[in-house]
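*Asks:* pasting the sequence and the predicted coordinates here, then a few questions.
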Amino acid sequence: MYEKFYGFSEKPFHIVPNPNFLYLSSKHQHALTYLEYGIREAMGFILLTGEIGTGKTTLIRYMLNQIEKEIEVAVIFNTNVSPNQLLSLLLQEFELEADGTDKAKNLDLIYQFLITKYAKRRRVLLIIDEAQNLSDEVLEEVRMLSNLQADDTLLLQIMLVGQPELKAKLKRPNLAQLTQRIAVNYHLLPLNREETGDYIQARLAKVGGSTELFSEDAIEEIYRASKGTPRSINLLCDAALVYGFADEVKQIDRETVLQVLADRGDLAWSIEPQSKIESQVTVNADVPAELSEISRRLTTVEKQVQELGFRLTLQTEDLEKHAAGYRDAVVQQFAEQLEQERKKNEKLLIELGQAQERLKIHAVEESLPKDNSNPTTDKKATSIIKEKIASWLSFRF
């Protein structure tokens with residue numbers, strides 16, 4: 001509708017994840033690096049988490065475009081399933097006929113498929129999106145799938161993708177065995193203010209539009225309302241372009257964005273975590289506007305506190321890992337220094353023993369009479385020296 005008016009080749013702010021429009025912020029680039037490392041190094045389990053709309057699925061699809069020729073990939077999106085249903089979905093992804101009731105047969109089919117791919121030197125990757133919805137029973141089944149191996153090689157790599165609830169769920173004691181197998185994990189955070197501006201401009205440039213179509217004030221308002229969540233940014237920018245087209249304005253300014261927010265509701269653009277939505281108190285329409293505004297602000301503060309808490313948890317885990325590595329390095333350094341000192345002490349003890357021997361021999365020689373004119377005396381002196389040295393050596397050793 002507005003594409004021709006603004007000179008776009010297509011809509012710049014797709015709602016459906018499109019890897020061709022992926023904006024690699026520093027956060028997304030780090031996530032991509034971690035994921036590619038985990039896959040290429042044949043790590044068993046890989047974990048990617050992030051809030052709704054932060055770009056997890058887009059990132060996964062972009063990555064698959066890079067590696068799909070090298071690896072056999074199965075992607076499962078329906079996660080409200082039983083263990084046997086999960087196996088059936090996996091077999092369907094591999095284009096194998098599943099038995100809806102015989103779990104043992106399904107497992108054997110999967111194993112035979114993996115062995116065949118292994119013989120052809122083809123690796124297999126299973127990606128489970130929206131994994132936070134998996135029950136503990138299904139997660140345990142996923143862990144069991146990771147046991148399939150040939151010699152010392154894992155036959156199946158598994159990537160779990162989901163919202164922050166997934167990471168919280170994996171901390172349960174009954175899932176400890178699964179958590180211990182996660183070799184690579186990354187939590188994708190929303191964009192900051194600068195990245196939000198770059199994101200909007202990159203999308204506009206992708207379709208041949210002007211990168212200055214949105215004013216700085218408009219971008220500021222978009223960031224405030226969306227909290228830097230890409231999906232919310234897309235929704236808000238798309239609506240603003242519709243309003244701009246209707247008013248025939250060549251630049252989207254702050255007033256246009258505010259009009260969109262006023263018509264559709266400011267809170268509608270900020271995606272709240274599911275756990276927070278469930279716990280929020282519904283504000284009655286009869287409540288005064290002042291109380292409604294206070295409630296809105298409290299909700300915003302609660303989300304920010306939750307996000308800060310989550311970041312603190314991640315940073316604490318990283319610090320603990322670094323501290324453990326530093327502690328091990330210090331202990332190793334002290335051990336090496338101690339070994340060097342021990343060798344030095346051994347050498348000094350040997351030199352001390354040799355010096356003591358020389359001193360004792362010298363003392364024996366000094367104690368003998370100095371009569372060089374009498375051969376008998378010389379023989380006697382020599383005999384005494386030999387006896388004393390032999391006696392000392394027998395005592396010494």
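*Replies:* In hand now; what should we look at?

*Asks:* could you list the domains of the protein?
*Replies:* Taking automatic domain parsing as the criterion, the chain consists of the domains 3-13+192-279, 26-190.

*Asks:* of all the ones you listed, which one is nearest Leu349?
*Replies:* Smallest distance to Leu349 across the domains of the chain (C-beta to C-beta): 47.4 Å, for domain 26-190. Any C-beta I mention is one placed from the backbone N, CA and C, and that applies to glycine too.

*Asks:* next, the distance between the ends of that closest one.
*Replies:* Using C-alpha to C-alpha, to the nearest Å, the end-to-end distance of domain 26-190 comes to 11 Å.

*Asks:* need the phi and psi values for Thr49.
*Replies:* Main-chain dihedrals, Thr49, degrees, to the nearest 10: phi -130, psi 160.

*Asks:* that one and Lys169 touch, don't they?
*Replies:* No. Thr49 is not in contact with Lys169 according to C-beta atoms under 8 Å; the separation is 10.5 Å.

*Asks:* out of those two, which sits in the more crowded spot?
*Replies:* A count of neighbours by other C-beta atoms under 10 Å puts Thr49 above the other of Thr49 and Lys169, at 25 against 19.

*Asks:* point out where this protein drops to low pLDDT.
*Replies:* 100, 266-332, 334-335, 338, 363-397 (pLDDT under 70).

*Asks:* now do the contacts for the residue lying closest to Phe8 once chain neighbours are set aside.
*Replies:* What sits nearest to Phe8 in space, not counting adjacent residues and going by C-beta to C-beta, 6 or more residues apart in numbering, is Val207, at 4.3 Å. Applying C-beta atoms under 8 Å, 6 or more residues apart in numbering to Val207 gives the contacts 3, 8-12.

*Asks:* state the distance from Val207 to Asp217.
*Replies:* Distance, Val207 to Asp217, using C-beta to C-beta, to the nearest Å: 23 Å.

*Asks:* in this structure, which spans are strands?
*Replies:* Remark: strands assigned in the chain by DSSP state E are 45-50, 71-76, 123-128, 149-150, 153-154, 157-162, 182-188.

*Asks:* dump those strands into a markdown table; add distance to Arg224 as well.
*Replies:* Listed next are the strands of the chain as a markdown table, based on distance: least, C-beta to C-beta, whole Å:
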| stretch | distance to Arg224 |
| --- | --- |
| strand 45-50 | 20 |
| strand 71-76 | 35 |
| strand 123-128 | 34 |
| strand 149-150 | 50 |
| strand 153-154 | 46 |
| strand 157-162 | 27 |
| strand 182-188 | 21 |
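
*Asks:* those strands: which one's closest to Asn345?
*Replies:* Taking the strands of the chain one by one with C-beta to C-beta, strand 182-188 is closest: 43.5 Å.

*Asks:* okay, now the sheet partners of that closest one, with direction.
*Replies:* Using DSSP bridges, strand 182-188 pairs in its sheet with strand 45-50 (parallel).

*Asks:* could you give the angle of the strand it pairs with to strand 123-128?
*Replies:* In terms of direction (axes from the mean of the first three to the mean of the last three C-alpha atoms, to 10 degrees), strand 45-50 departs from strand 123-128 by 40 degrees.

*Asks:* next, the angle strand 157-162 makes with strand 45-50.
*Replies:* 20 degrees.

*Asks:* roughly how far is strand 45-50 from the heart of the chain?
*Replies:* Once both centres are worked out by C-alpha atoms, centre = their mean, to the nearest Å, strand 45-50 turns out to sit 7 Å from its chain's centre.

*Asks:* now do it: everything it contacts.
*Replies:* For strand 45-50, the external contacting residues (C-beta under 8 Å, 6+ apart) are 31, 34-35, 38-39, 56, 59-60, 146, 157-164, 166-167, 170, 178, 181-189.

*Asks:* how about stretch 79-98: buried residues?
*Replies:* In terms of neighbour count (16 or more other C-beta atoms under 10 Å), stretch 79-98 has its buried residues at 79, 81, 83-84, 86-91, 94, 98.

*Asks:* what is the end-to-end distance of that stretch?
*Replies:* End-to-end distance of stretch 79-98 (C-alpha to C-alpha): 18 Å.

*Asks:* and it, how far out from the chain middle?
*Replies:* Once both centres are worked out by C-alpha atoms, centre = their mean, stretch 79-98 turns out to sit 27 Å from its chain's centre.

*Asks:* and stretch 177-187, by the same measure?
*Replies:* Put simply, stretch 177-187 sits 8 Å off its chain's centre (C-alpha atoms, centre = their mean).

*Asks:* quick check: buried residues in stretch 67-75?
*Replies:* For stretch 67-75, the neighbour count (16+ other C-beta under 10 Å) marks 72-75 as buried.

*Asks:* nearest to Val124 among the buried residues of stretch 79-98?
*Replies:* Nearest to Val124 among those: Phe94, at 8.3 Å, using C-beta to C-beta.

*Asks:* give the contact list for that closest one.
*Replies:* Residues in contact with Phe94 (C-beta under 8 Å, 6+ apart) are 72, 74, 110, 113.

*Asks:* save the residues you listed as JSON lines, and put in distance to Thr153 too.
*Replies:* Putting the contacts of Phe94 into JSON lines (distance: C-beta to C-beta, whole Å) gives the following:
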{"residue": "Glu72", "distance to Thr153": "15"}
{"residue": "Ala74", "distance to Thr153": "18"}
{"residue": "Ile110", "distance to Thr153": "16"}
{"residue": "Phe113", "distance to Thr153": "15"}
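
*Asks:* what distance do you get for the closest residue to Gln201 other than its chain neighbours to Leu348?
*Replies:* Excluding the flanking residues, the one nearest Gln201 by C-beta to C-beta, 6+ apart is Thr211, at 4.1 Å. Distance, Thr211 to Leu348, using C-beta to C-beta: 74 Å.

*Asks:* swap in Ser215?
*Replies:* Ser215 is 79 Å from Leu348, by C-beta to C-beta.

*Asks:* neighbour count: these two, which is higher?
*Replies:* Each of Ser215 and Leu348 has its neighbours counted (other C-beta under 10 Å); Ser215 has more, 16 against 10.

*Asks:* with adjacent residues omitted, what lies nearest to that one?
*Replies:* Nearest residue to Ser215, sequence neighbours excluded (C-beta to C-beta, 6+ apart): Asp253, at 4.8 Å.
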